[in-house]
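Q: test case, fold it:
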Amino acid sequence: MALVSSAWHMYRVLMISEHVFPRSTTFCCQPTIDGCNIDNWPENAAFRNLVANELRYIAKLIEGKVQLPRRFRSESPEA
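A: Okay, here's the model as predicted:
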């Protein structure tokens, strides 16, 4: 399955997708090159803020301080 999203948001997209689709699903992640991307985010204050906020949100997801929306939650995706 192909996942396309902004580069700064790709990891969270993958994390959520892994909870929605069966474990047997293989993902091919393709970040867009427009806007905030791997080459320009360090040089732009607004992009750095986007990336920093995303990292904080991912940390909260991992720590269990926030939950995925109910439609994305699955305790154990089927194989």
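Q: what's the neighbour count on the closest residue to residue 41 other than its chain neighbours?
A: Spatial nearest neighbour of residue 41, excluding adjacent residues (C-beta to C-beta, 6 or more residues apart in numbering): residue 47 at 4.0 Å. Glycine gets a C-beta too; all of them are placed from N, C-alpha and C. Other residues near residue 47 come to 17 when the count uses other C-beta atoms under 10 Å.
Q: from residue 9, how far off is residue 47?
A: 12 Å (C-beta to C-beta, to the nearest Å).
Q: now do the shared contacts for those two.
A: The overlap between the contact sets of residue 47 and residue 9 (C-beta atoms under 8 Å, 6 or more residues apart in numbering) is empty.
Q: re earlier: in which helix or strand does the residue nearest to residue 41 reside?
A: Using DSSP states H and E, the element containing residue 47 is helix 45-63.
Q: got the CA coordinates for that helix in PDB?
A: As requested, C-alpha coordinates have been extracted for helix 45-63 and formatted as PDB (Å, rounded to 0.1, in the frame of the first residue of the first chain):
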ATOM      1  CA  ALA A  45      11.200  28.800  11.300                       C
ATOM      2  CA  ALA A  46       7.600  27.900  10.400                       C
ATOM      3  CA  PHE A  47       8.800  24.500   9.100                       C
ATOM      4  CA  ARG A  48      10.900  23.900  12.200                       C
ATOM      5  CA  ASN A  49       7.800  24.600  14.300                       C
ATOM      6  CA  LEU A  50       5.800  22.100  12.300                       C
ATOM      7  CA  VAL A  51       8.400  19.400  12.700                       C
ATOM      8  CA  ALA A  52       8.800  20.100  16.400                       C
ATOM      9  CA  ASN A  53       5.100  20.000  17.000                       C
ATOM     10  CA  GLU A  54       4.800  16.700  15.100                       C
ATOM     11  CA  LEU A  55       7.600  15.100  17.200                       C
ATOM     12  CA  ARG A  56       5.900  16.200  20.400                       C
ATOM     13  CA  TYR A  57       2.600  14.700  19.200                       C
ATOM     14  CA  ILE A  58       4.300  11.400  18.200                       C
ATOM     15  CA  ALA A  59       6.000  11.300  21.700                       C
ATOM     16  CA  LYS A  60       2.600  11.700  23.300                       C
ATOM     17  CA  LEU A  61       1.200   8.900  21.100                       C
ATOM     18  CA  ILE A  62       4.000   6.600  22.100                       C
ATOM     19  CA  GLU A  63       3.700   7.400  25.800                       C
END
